[in-house]
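Participant: Okay, here's the prediction I keep looking at, along with the sequence it came from:
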Amino acid sequence: MQELDAVYALPFTRKPHPRYTDIPAFRMIEHSITSHRGCYGRCSFCSITAHQGPEIVSRSKKSILQEVEKIASKPGFTGTITDIGGPTANMYGSSCAIGGCRDHDCLKEDSACKNLVSGTKYYRDVLRRAGEIKGVKHVFISSGLRFETVLMEDALIRACIRYHTPGRMKIAPESGSEKVLHLMGKPAPKKCKIFLKRVRKIAVSENLPLIVVPYIIAGHPGEEKAETEETIQFLADEKLYGNEVQIFTPTPLTRSTAMYYLGYDPITGEETPTEKDTKKLEERKYKIISGDINAKRPEPRRYDAKKGPATKPSVAGKKTASLSKYRE
Ligand code: SF4
């Protein structure tokens, strides 16, 4: 913790390198704060554990709050801290009761390890105290949240809905297929369903609007037509809409990338047929976004020098309509 605090206490300018005039991503991160490093989620497709480690190293509350003060005193700050989080936001402050083990697979797909000590009360506290700093109007969480109960107790859900989600809560079921989720090292769909039931019940009891937006990966190794259909059905059953669907990208050092190239899971030997044709993957993504396995993706519009740039694909408009329709 001391080492991480010392790094963040260095006199960074919080500005992009002067060589660059406009970096779109900078607008997103300018007023966001890293609270910790590491992730023990062990999702097969993600390389964070490989390069940051599975152990959570958290900054002290003091260090985080000092950074909030620094941002709040900057000219041009309009009052919104866009994120306090890390690879998985609600792992802040968590630890292991026995000091760690070799596997460090603390969430074990469907049941958290009994030695996992949640840090969510520290996380809630740091979020609350950041919101009390002069000049701060909102403190949002834009980093991903795991929805296992050990990391998402009712008090944190309530705080998220009330104060820390900018209108939409983003969650990452990643797929609706039990088989694919098992390959991804993620909880089964029933765990997500339980979470959604909890979060919606709390929103109703608090009389607060809530939109839940799902992140989905299309084309993960092991996903074929049947699994895509399961995902579409899952999203429809749970009234989850949006266009946050990404095509699987093999990332160095991950188990999913090994599945992609080998055609089987190197740990279990399970076969993992994988679609690699970009056009077919774009089709699959479109089917998931449109909620229809038979949907045909319109041909991408070509740039016409006389007419100017192509307008946005029609599905964008559809998404907005769906979201407002299902505002809860
Ligand atoms: S003992 Fe459990 S909580 Fe501790 S590091 Fe291992 S899996 Fe994680």
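Facilitator: Received it, and whenever you're ready, just let me know what you need.
Participant: Just the buried residues of the strand or helix carrying Val180, please?
Facilitator: Secondary structure from DSSP states H and E places Val180 in helix 178-184. Neighbour-count burial for helix 178-184 flags 179-184 (criterion: 16 or more other C-beta atoms under 10 Å). For glycine as for every other residue, the C-beta is placed from the backbone atoms N, C-alpha and C.
Participant: Averaged pLDDT, the helix or strand just after that helix. What do you get?
Facilitator: As assigned by DSSP H and E, the chain's next helix or strand after helix 178-184 is helix 189-205. Mean pLDDT, helix 189-205: 93.
Participant: which other helices and strands contact helix 189-205?
Facilitator: Here helix 189-205 touches helix 154-159, strand 168-174, strand 211-218, going by 3 or more C-beta pairs under 8 Å, 6 or more residues apart in numbering; DSSP states H and E.
Participant: could these be laid out in CSV, adding mean neighbour count and mean pLDDT?
Facilitator: As requested, those are exported to CSV (neighbours: other C-beta atoms under 10 Å; pLDDT from 0 to 100):
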stretch, mean neighbour count, mean pLDDT
helix 154-159, 17, 93
strand 168-174, 20, 88
strand 211-218, 21, 93
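Participant: Would you format the ones you listed as TSV with distance to Tyr123 included?
Facilitator: Shown next, in TSV, are the helices and strands packed on helix 189-205 (distance: least, C-beta to C-beta, whole Å):
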stretch	distance to Tyr123
helix 154-159	7
strand 168-174	16
strand 211-218	20
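Participant: ok so, going back, widest-spaced pair of the buried residues of helix 178-184?
Facilitator: The two members of these with the most space between them (C-beta to C-beta) are Lys179 and Met184, at 9.8 Å.
Participant: circling back: adding distance to Tyr122 as columns, could you present the buried residues of helix 178-184 in CSV?
Facilitator: Listed next are those as CSV, based on distance: C-beta to C-beta, whole Å:
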residue, distance to Tyr122
Lys179, 36
Val180, 34
Leu181, 29
His182, 32
Leu183, 33
Met184, 28
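Participant: for the residues you listed, which one is nearest Lys296?
Facilitator: Nearest member of the buried residues of helix 178-184 to Lys296, counting by C-beta to C-beta, is Val180, at 23.4 Å.
Participant: can you tell me which residues contact the closest one?
Facilitator: With contact taken as C-beta atoms under 8 Å, 6 or more residues apart in numbering, Val180 is in contact with 174, 220, 222-223, 227, 231.
Participant: Kindly recompute the last result at 6 Å.
Facilitator: 220, 222-223, 227 (C-beta atoms under 6 Å, 6 or more residues apart in numbering).
Participant: Also Tyr286?
Facilitator: Contacts of Tyr286 (C-beta under 6 Å, 6+ apart): Arg297.
Participant: how far away is it from Thr278?
Facilitator: In this view, Tyr286 and Thr278 are 13 Å apart by C-beta to C-beta, to the nearest Å.
Participant: Near the nearest residue to Leu210 once chain neighbours are set aside, how many other residues are there?
Facilitator: Spatial nearest neighbour of Leu210, excluding adjacent residues (C-beta to C-beta, 6 or more residues apart in numbering): Ala203 at 3.9 Å. Look at Ala203: counted by other C-beta atoms under 10 Å, it has 20 neighbours.
Participant: do you know how far Ala203 is from Ile211?
Facilitator: Relative to Ile211, and taking C-beta to C-beta, Ala203 is found at 10 Å.
Participant: any idea how far stretch 202-209 is from the chain center?
Facilitator: 22 Å (C-alpha atoms, centre = their mean, to the nearest Å).
Participant: residues of that stretch that come out buried?
Facilitator: In stretch 202-209, counting by 16+ other C-beta under 10 Å, buried: 202-203.
Participant: Give me every residue in this protein lying close to the ligand.
Facilitator: For the chain, the residues in contact with the ligand (C-beta under 6 Å from any ligand atom) are 40, 96, 98, 100-101, 103-106, 113, 115-116.
Participant: thinking again about what came up before, looking at the contacts of Val180, which is nearest Glu271?
Facilitator: Lowest distance from Glu271 to the contacts of Val180 (C-beta to C-beta) belongs to Gly222, with 7.8 Å.
Participant: which sections of this structure are below the confidence cut-off?
Facilitator: 109-110, 300-328 (pLDDT under 70).
Participant: mind redoing it with 50?
Facilitator: Where the chain drops to pLDDT under 50, the residues are 313-328.
Participant: ok, the residue nearest to the spatial centre of it - contacts?
Facilitator: The centroid of the chain falls nearest to Gly144 when counting by C-alpha atoms, centre = their mean (3.1 Å). Gly144 is in contact with 88, 172, counting by C-beta under 6 Å, 6+ apart.
Participant: From Val204, how far off is it?
Facilitator: For Gly144, the distance to Val204 - C-beta to C-beta - is 24 Å.
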